[in-house]
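*Asks:* Show me the folded form of this:
(2 chains)
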Amino acid sequence: MKLPTLREVGVEARLLLIGIPVFLWTMIPIYHMFLFAISPKEDAFSGKLWPAHPTLNNFRIVFHQEHYFLRDFWIQFWNSIVIALAAGALTLLIATAAAFAISRLKVPGGRWVMNLALFTYFIPAAFLAVPMYRTMGNYGLLNNHWSLILAMVTIASPYAIWVLKQASDKLPVELDEAAIMDGATIPQLFRLVYVPLMMPSLVAIGTYAILLAWNEYLYAFLLLSKDTEITLPVALGNFLAADDSPWELLMTTGFIYALPPAAIYYAFKRYMVGGLTAGAVKS
Amino acid sequence: MAITISGDQAMPGPPLSARLTTPQVWGIVLVAPYLLVFLAFVVYPVCYGLWLARHPASYVALWHDPIFARAAVNTLIFLLVGINLKMMIALFLSGFFAQQRPWIKWLSVLFILPWAVPSIPTILSVRFMFNPEWGMVNTLIFKLTGDDGPNWLNDPTVALGMAIGVHIWKSLPFWTLILMTGRLAISHDLYEAAEVDGASWTQKFRFITWPSMQALYLTCTLLSMIWTLGDFNSVYLLTGGGPADLTHVLATLGIRYLRLDQLSLAMASIVCALPFVLPLIYFMMKRLSR
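*Replies:* Coordinates of the predicted model:
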């Protein structure tokens, strides 16, 4: 075995000097949350870095809805799932259709639609929130899941259209021409040629929209207010309203809420990194 | 969808069927759903919002509201200090993560976690950690020194700094990833040639890395600034705008006015930001729609 040279050791030490702080910075808030989730109530504030009696009792309390703040946990969980999936599906449908029309069918004014979408993409989300809240009120959609679903579709679809258009511009035109020559209609071209070829980008965009809707807090808390209608993040925010809120249960619920998006992200990481960063910033 | 087509037919000129080919008709049909969403949920709210903000009295009221002035300053600090700091760290770390080491590969998988998990639970976790009475940080300080720790989130300067910290924690992985793709696109031969010529680390950065990254870096910085204007969670969930409404930014101030039923003020505060935001948006669109 070759002994490392002094220079190699020096390089490695310097890398560690960066790596260790990065690791701590990243993990401390997440570890703190996890620590609360496995601590019994009396241990939670002891300031220990590992509880004396780790327990899964908090998870049991959450799953059985055995606390005033958690009495609607499962229905709120369900609301989050429904809204995320509906927003994801609808975004995918609208954005794929638009990208196909603009990129493949060269619809008149397509460039214009692209610019509108890009403009929407750049409006800071919080700026649109106040007028969006009033608009949903005018449409009579407040406290209805559709308000949040449609708001999420509005926010997610510009980026979706943009990424999908860039991806479909890369497909050769000859494919479409050959399919048309063989007598394919436009719907057939879409279904049998376009969608299968675009699959990786479609997976990335679907995941992006689902995660966006699952993670959304501001719009959810403006548009939904009834305890049985709200999503999990709003319920978590409501914990803060009380002074005596049970932190260990809040952190447990937060931990459960954070797991699905993290799992989805890592499962689709392959698509996410390739599909999203390629379009995210063109230098 | 039928409405779109019949609407077009109302225009003067030859009938629609004569002017449009089948693919174009399909194109219009397929683009229509997005246009409907755009009209109903972007055009209408924006026009309605501008209409709500039409009274000059709202701007006078804003001008006399010390909370608005404070929020404007906070927003500037957030953007100018926070974003530049974040992007510099991201540029630095993109070089670190570009190193080929097994343990750095593993670290990069963990490093992406703040971006992958929702921000609400983690921000609340930080909020509890720094609670002056029961939080982990002050408990540890008390254990180690016997003194009470600082009153973290009750000091406006410290609280704003921590809100910026939380924002950086959340979005640093994303920008590091983007800058890393830019870095990996630089030809390796350039670095090898520089190595042969005995270039130092700083020289390599200055003459190879930076010239090929600066356009991307600028785009990222501007994009991050626009989006950070809409960052509601980092401030609202950490400090709630407190203490004494001293840590608001424009994103949370609009919601605060809405809660106080001062809708025209909420819209006016957003309109005040437009002269700064619109040029940035225009610039970005120019850059990205090529």
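
*Asks:* Please read off the pLDDT at residue 1 from the model.
*Replies:* No chain specified, so I'll use chain A. For residue A:1, the pLDDT comes out at 56.

*Asks:* not what I meant, chain B
*Replies:* In this prediction residue B:1 is given a pLDDT of 36.

*Asks:* Show me what stretch A:157-164 is in contact with.
*Replies:* Residues outside stretch A:157-164 that contact it (Cβ atoms under 8 Å, 6 or more residues apart in numbering or on different chains) are A:91-92, A:94-96, A:98-99, A:102-103, A:113-114, A:117-121, A:198, A:201-202, A:204-205, A:208-209, A:275-276, A:278-280, B:34, B:37. All C-beta atoms are positioned from the backbone trio N, CA, C, and that covers glycine.

*Asks:* Now do residue 45, the pLDDT please.
*Replies:* No chain was given, so I picked chain A. 68.

*Asks:* that's the other chain; I wanted chain B
*Replies:* 92.

*Asks:* Count residues in the vicinity of residue B:197, would you?
*Replies:* 8 (other Cβ atoms under 10 Å in any protein chain shown).

*Asks:* Hmm, I typed the wrong one, I wanted residue A:93.
*Replies:* Number of residues near residue A:93 (other Cβ under 10 Å) recorded here: 14.

*Asks:* okay but it is in contact with residue B:34, surely?
*Replies:* No: assessed by Cβ atoms under 8 Å, residue A:93 is found out of contact with residue B:34, at 10.0 Å.

*Asks:* And the helix or strand that contains residue A:206, what does it pack against?
*Replies:* Element membership for residue A:206 (DSSP states H and E) is helix A:195-215. Packing contacts for helix A:195-215, counted by 3 or more Cβ pairs under 8 Å, 6 or more residues apart in numbering or on different chains; DSSP states H and E, involve helix A:73-103, helix A:145-169, helix A:247-267, helix A:269-280.

*Asks:* Tell me which of the ones you listed is the most buried.
*Replies:* helix A:145-169 (a mean of 23; mean count of other Cβ atoms under 10 Å in any protein chain shown).

*Asks:* After that helix, which helix or strand is next?
*Replies:* Using DSSP H and E, the helix or strand that directly follows helix A:145-169 along the chain is helix A:173-181.

*Asks:* Quick one: mean pLDDT over that following helix.
*Replies:* Helix A:173-181 comes out at a mean pLDDT of 85.

*Asks:* just stretch B:210-226 next, same as before
*Replies:* If you average the pLDDT over stretch B:210-226, you get 88.

*Asks:* Whether that stretch contacts chain A - can you check?
*Replies:* Yes: applying Cβ under 8 Å from any Cβ of the partner chain, one finds stretch B:210-226 in contact with chain A at B:215, B:216, B:219, B:220, B:223, B:226.

*Asks:* In the stretch 101-250 of chain A, where is pLDDT below threshold?
*Replies:* Applying pLDDT under 70 to the stretch 101-250 of chain A flags the ranges A:242-243.

*Asks:* Please tabulate the helices and strands packed on helix A:195-215 in CSV, including the columns distance to residue A:180.
*Replies:* As requested, the helices and strands packed on helix A:195-215 are exported to CSV (distance: least, Cβ to Cβ, whole Å):
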stretch, distance to residue A:180
helix A:73-103, 14
helix A:145-169, 16
helix A:247-267, 37
helix A:269-280, 27
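
*Asks:* follow-up on the earlier one: including neighbour count, could the residues of stretch B:210-226 next to chain A go into CSV?
*Replies:* Listed next are the residues of stretch B:210-226 next to chain A as CSV, based on neighbours: other Cβ atoms under 10 Å in any protein chain shown:
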residue, neighbour count
B:215, 14
B:216, 19
B:219, 20
B:220, 24
B:223, 21
B:226, 20
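
*Asks:* Sort out for me which of those are in helices.
*Replies:* Mapping the residues of stretch B:210-226 next to chain A onto helices (DSSP state H) picks out B:215, B:216, B:219, B:220, B:223, B:226.

*Asks:* Would you convert those into JSON lines that also reports distance to residue B:286?
*Replies:* Below are those laid out as JSON lines (distance: Cβ to Cβ, whole Å):
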{"residue": "B:215", "distance to residue B:286": "13"}
{"residue": "B:216", "distance to residue B:286": "16"}
{"residue": "B:219", "distance to residue B:286": "11"}
{"residue": "B:220", "distance to residue B:286": "16"}
{"residue": "B:223", "distance to residue B:286": "13"}
{"residue": "B:226", "distance to residue B:286": "14"}
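
*Asks:* Just name the closest of those residues to chain A, please.
*Replies:* Closest approach between those and chain A, by Cβ to the nearest Cβ: residue B:216, at 3.8 Å.

*Asks:* Any stretches of the stretch 1-150 of chain B with poor pLDDT?
*Replies:* In the stretch 1-150 of chain B, residues with pLDDT under 70: B:1-19.

*Asks:* Closest to the centroid, which residue in chain A?
*Replies:* residue A:211 (1.7 Å; Cα atoms, centre = their mean).

*Asks:* give me the number of residues near residue B:278?
*Replies:* Count around residue B:278 with other Cβ under 10 Å applied: 12.

*Asks:* Quick check: which element contains it?
*Replies:* Residue B:278 belongs to helix B:263-288, assigned by DSSP H and E.

*Asks:* So which of the helices and strands packed on helix A:195-215 is nearest residue A:41?
*Replies:* Residue A:41 lies closest to helix A:247-267 among the helices and strands packed on helix A:195-215, at 5.8 Å (Cβ to Cβ).

*Asks:* The closest one and chain B, any residue contact?
*Replies:* Yes: using Cβ under 8 Å from any Cβ, helix A:247-267 reaches chain B at A:247, A:250, A:251, A:253, A:254, A:255, A:257, A:258, A:261, A:262, A:265, A:266.

*Asks:* Packing partners of that helix?
*Replies:* helix A:6-37, helix A:57-63, helix A:195-215, helix A:232-239, helix B:113-116, helix B:119-129.

*Asks:* who touches the closest residue to residue B:285 other than its chain neighbours in this structure?
*Replies:* Among residues not flanking residue B:285 along the chain, residue A:118 sits closest, at 5.5 Å (Cβ to Cβ, 6 or more residues apart in numbering or on different chains). Residues in contact with residue A:118 (Cβ under 8 Å, 6+ apart) are A:158, A:162, B:285, B:288, B:289.

*Asks:* Using the three-state scheme, assign residue A:118.
*Replies:* Under DSSP: H, G, I helix; E, B strand; the rest coil, residue A:118 falls in the helix class.

*Asks:* So it versus residue B:77, what's the distance?
*Replies:* Using Cβ to Cβ, to the nearest Å, residue A:118 is found at 29 Å from residue B:77.

*Asks:* same question, residue B:30
*Replies:* From residue B:30 over to residue B:77 the distance is 45 Å, taken as Cβ to Cβ.

*Asks:* who has more neighbours, those two?
*Replies:* When neighbours are counted by other Cβ under 10 Å, residue B:30 and residue B:77 differ, and residue B:30 comes out ahead with 24 against 15.

*Asks:* which SS state does the nearest residue to residue B:241 once chain neighbours are set aside fall under?
*Replies:* Excluding its sequence neighbours, the residue lying closest to residue B:241 (Cβ to Cβ, 6+ apart) is residue B:248, at 4.4 Å. Using three-state DSSP, the structure places residue B:248 in coil.

*Asks:* residues near residue B:248, how many?
*Replies:* Neighbours around residue B:248, by other Cβ under 10 Å: 26.

*Asks:* list the contacts for it?
*Replies:* Counted by Cβ under 8 Å, 6+ apart, residue B:248 has contacts B:67, B:70, B:71, B:74, B:235, B:241, B:256.
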